[in-house]
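> Predicted model follows, preceded by the sequence.
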Number of protein chains: 2
Amino acid sequence: MKKNIVLFLILFLVVQFYVIAQPQLQEQPVPVVSPEVKQDNSVVFRLRAPEAKSVQLTGTMTPGHSKLDMVKNEDGIFEITIGPFDSDYHGYNFIVDGIITLDPNNNIVVRDGSYYENRLIIPGKLTDVYDVKDVPHGKLTAVWYPSPTFGMQRRMLVYTPYEYENSTKSYPVLYLLHGGGGDEEAWVSQGHANYILDNLIAQGQVEPTIVVIPNGSIGQQAAPNDRSNSYSAKVDRAIDMRSMYSGKYEESIANDIIPYVEKNYRVIKDANHRALAGLSMGGLHVLNTFMFHPDMFGYINVMSSGWFTTDEKMYADGDKRLSEIAMTLNKTVKCLRFTQGGPDDIAYNNGKEMLKVFDKNKIKYEFSEMPGGHSWNVWRQDLKDFVPRMFN
Amino acid sequence: MKKNIVLFLILFLVVQFYVIAQPQLQEQPVPVVSPEVKQDNSVVFRLRAPEAKSVQLTGTMTPGHSKLDMVKNEDGIFEITIGPFDSDYHGYNFIVDGIITLDPNNNIVVRDGSYYENRLIIPGKLTDVYDVKDVPHGKLTAVWYPSPTFGMQRRMLVYTPYEYENSTKSYPVLYLLHGGGGDEEAWVSQGHANYILDNLIAQGQVEPTIVVIPNGSIGQQAAPNDRSNSYSAKVDRAIDMRSMYSGKYEESIANDIIPYVEKNYRVIKDANHRALAGLSMGGLHVLNTFMFHPDMFGYINVMSSGWFTTDEKMYADGDKRLSEIAMTLNKTVKCLRFTQGGPDDIAYNNGKEMLKVFDKNKIKYEFSEMPGGHSWNVWRQDLKDFVPRMFN
């Protein structure tokens, strides 16, 4: 074998040739570095765009997701320095003459629904929990399950902890729901939920847990690249709006998803070993699901969600239902947690008002908030903070 | 339960609220439709960009991946109509004042390495094979495996056919390699390899097969969003260039990947049930691997690849090695297939010249070409044509 290493060495040029021959649509004399995180955690963003009139930066680290003008230098490179920032993952885009673009020099692109952005990593204590570290990794599997409720196959992601494969044990399950416009990949792409679990399990802070991440947009079977060719974005939206208020998705969680998981995985089948969490629209799915199945989940986190404050009938109906289930809920749920991204969160007031109805019905819960608004910065942290609370 | 449907109905407004409240950075008075595939399979591309000076279209359906100028109308919408085209998946981008962008009205974005583009679907016979259809779907799992060769964990995707979970049978395996600059997600995102297998298995054209899709870029552990925070694109490139010619990746296939798969999956462990295919750089990985393990694979497809035509020593060494293994290869390999994307394929001449050395050594092989150049249009078709040839 060793003598043949020579052949490998010679193949270097060939390989280099094919790498170089990849499409190079962006003619860039010298690549610019972007984003550049400085020693003090301030960040320089750069884009070579000699033909552009204006380039702006927008993202979760610009105040209110505002657009900041970048300044063009004599080489046609637009630049801006902002920060410093605390450790976190941020999402950003450039806006070139009014059109949203990705940063061609940053190959980390994350997605929530049809919303693509680059990831900025400010390294530190927080991102350490989100990081892909040298710990045992669970498996993440795209699974198609039958949904009798909707008469279709639907796609979900299932995280099984590292030890699952080589064990005969049964495991608790977290059902984790995305927000409006999103799909089953949001909690992985934006949320790094699988790596958060890997890290906290490795640290002994979370017991090995299965995480089920379904698609909560009813008109969709799956994420965009995993749908039928005939499935246009237009159809998508039309069906979604119709279906969102059918209540069927919550039925599907109880009647399709949980039975499928409990049949096909080694799972502990009681409320003490079922957790449910979701953000924004997924938070409403969580609310509805536990309100109609108050004996089903032992650990619940509603993130950035709440009833519509202007709708009095909603509050009256919710009040009535909560009065019916208060005793069951208080007995079953070990941790009912409501979290918000502070006053900037679009769901902040809704959530606060809704919790008054929970108070009135003497339902035990915890409330916490952190700055960050209605954003993945908050939801990733919520997940990190919630999962060690499960199954204790 | 039924009386509570009322509550669900009321929640409509809330859900709508959270959907609408998603970031709307692209202010568009009326959404434009793009791409619009007409009855005759010509296609209209549109982008609303009132502030832009110029918008161009480029993609696998523009001749030579050229840039075609789009025309601005009085509403600030740039538009172009091209085609008609035969059924296929194409990839395209807009170029706005010199900067590559995605089409904000097309939510299918596919990726090969750091190259993101929108998918255009021209429906018909060919895309029917690539489609996500209502057939039993296999599972697709992201797996971290130990690589003793590189002293690190590495990520691969493993497709298990639908019946795998509820069977005790052992299965054949296809090892499927990506090209230069790519990663383990390219054959899924661009290639739809899992859906091609689903469809051809459902039609009885391919026997249920496990497909293993590793990451062939040695400096990488995984795709961009699945790497350590500390792993910058810069480091990436530097390590890749050094490692590509070490020959270690091919060792890793034989010593890390195949042993891991054969230990952890129900797999038939002989050459008659092992297939190997790869494109471009992955084609060279395929070549090297079978030349050093001529008794390991029964079915082989080298796509868009070949030795470097200007390097005489490479040909001399290859000639010598092929003369040593010709008998073994001819006995072991039931199907050795070389495919190219026609004269426009950057590897076309390399491949043709290299095959003269195979001819000289009387090694049995098949050669086929199709128009399309060095592109996923060709490689998806190659996969579709190769997999029914396996394991017969």
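Okay, I see it. Numbers count the residues shown, from 1 in each chain, chains lettered A, B, ... in the order given.
> quick one: the most centrally placed residue in chain A from chain B, how far?
Geometric centre of chain A, nearest residue: residue A:187, 2.7 Å, by CA atoms, centre = their mean. Per CB to the nearest CB, to the nearest Å, residue A:187 is found 13 Å from chain B. For glycine as for every other residue, the C-beta is placed from the backbone atoms N, C-alpha and C.
> Check which helix or strand that residue maps to.
In the assignment (DSSP states H and E), residue A:187 maps to helix A:186-189.
> distance between that helix and the chain's centre?
Remark: helix A:186-189 is offset 4 Å from the chain centroid, using CA atoms, centre = their mean, to the nearest Å.
> Touching, the residue nearest to the centre of chain A and residue A:195? I think so.
No - in this structure, residue A:187 is not within contact of residue A:195 by CB atoms under 8 Å, at 11.1 Å.
> the helices in the stretch 251-392 of chain A, which residues?
Per DSSP state H, counting those that start in this stretch, the stretch 251-392 of chain A carries helices over the ranges A:258-264, A:281-292, A:312-332, A:348-360, A:376-386.
> what about the stretch 51-200 of chain A, any weak spots by pLDDT?
By pLDDT under 70, the stretch 51-200 of chain A contains no weakly predicted segment.
> one step back: after the helix holding residue A:187, next one along is what?
Downstream of helix A:186-189, the first helix or strand assigned by DSSP H and E is helix A:193-202.
> Remind me what that next one packs against, helices and strands.
When contacts are defined as 3 or more CB pairs under 8 Å, 6 or more residues apart in numbering or on different chains; DSSP states H and E, helix A:193-202 packs onto helix A:125-130, strand A:152-160, strand A:210-214, helix A:376-386.
> redo that, cut-off 10 Å
Contacts defined by 3 or more CB pairs under 10 Å, 6 or more residues apart in numbering or on different chains; DSSP states H and E place helix A:193-202 against helix A:125-130, strand A:139-147, strand A:152-160, strand A:173-177, helix A:186-189, strand A:210-214, helix A:376-386.
> which of the helices of the stretch 251-392 of chain A sits most buried?
Mean neighbour counts were compared across these using mean count of other CB atoms under 10 Å in any protein chain shown; the top stretch is helix A:281-292, at a mean of 25.
> picking up where we left off before, between residue A:187 and residue A:195, what contacts are shared?
Counting by CB atoms under 10 Å, 6 or more residues apart in numbering or on different chains, the residues touching both residue A:187 and residue A:195 are residue A:159.
> Quick check, residue A:127 in contact with residue A:41.
No - contact criterion CB atoms under 10 Å: residue A:127 and residue A:41 do not qualify, at 11.1 Å.
> Give me the common contacts of those two.
Counting by CB under 10 Å, 6+ apart, the residues touching both residue A:127 and residue A:41 are A:86-88.
> Buried ones among those residues?
Neighbour-count burial (16 or more other CB atoms under 10 Å in any protein chain shown) applied to the shared contacts of residue A:127 and residue A:41 gives A:87-88.
> Of the shared contacts of residue A:127 and residue A:41, just say which sits nearest to chain B.
Set against chain B, the nearest of the shared contacts of residue A:127 and residue A:41 by CB to the nearest CB is residue A:87 (9.9 Å).
> Excluding residues flanking it in the chain, which one is nearest the closest one?
Among residues not flanking residue A:87 along the chain, residue A:124 sits closest, at 2.5 Å (CB to CB, 6 or more residues apart in numbering or on different chains).
> Quick check: the one you found touching residue A:41?
Yes - with contacts defined as CB under 10 Å, residue A:124 counts as touching residue A:41 at a distance of 7.6 Å.
> Residue A:173 versus the closest residue to residue A:334 other than its chain neighbours, what's the distance?
Counting by CB to CB, 6+ apart, residue A:334 lies nearest to residue A:298, which is 5.0 Å off, once chain neighbours are set aside. As judged by CB to CB, to the nearest Å, residue A:298 and residue A:173 stand 11 Å apart.
> Which residues are in contact with each of these two?
Taking CB under 10 Å, 6+ apart as the contact rule, residue A:298 and residue A:173 both touch A:273-276, A:390-391.
> quick one: which of the residues you listed is nearest chain B?
Chain B lies nearest to residue A:276 out of the shared contacts of residue A:298 and residue A:173, by CB to the nearest CB, at 16.6 Å.
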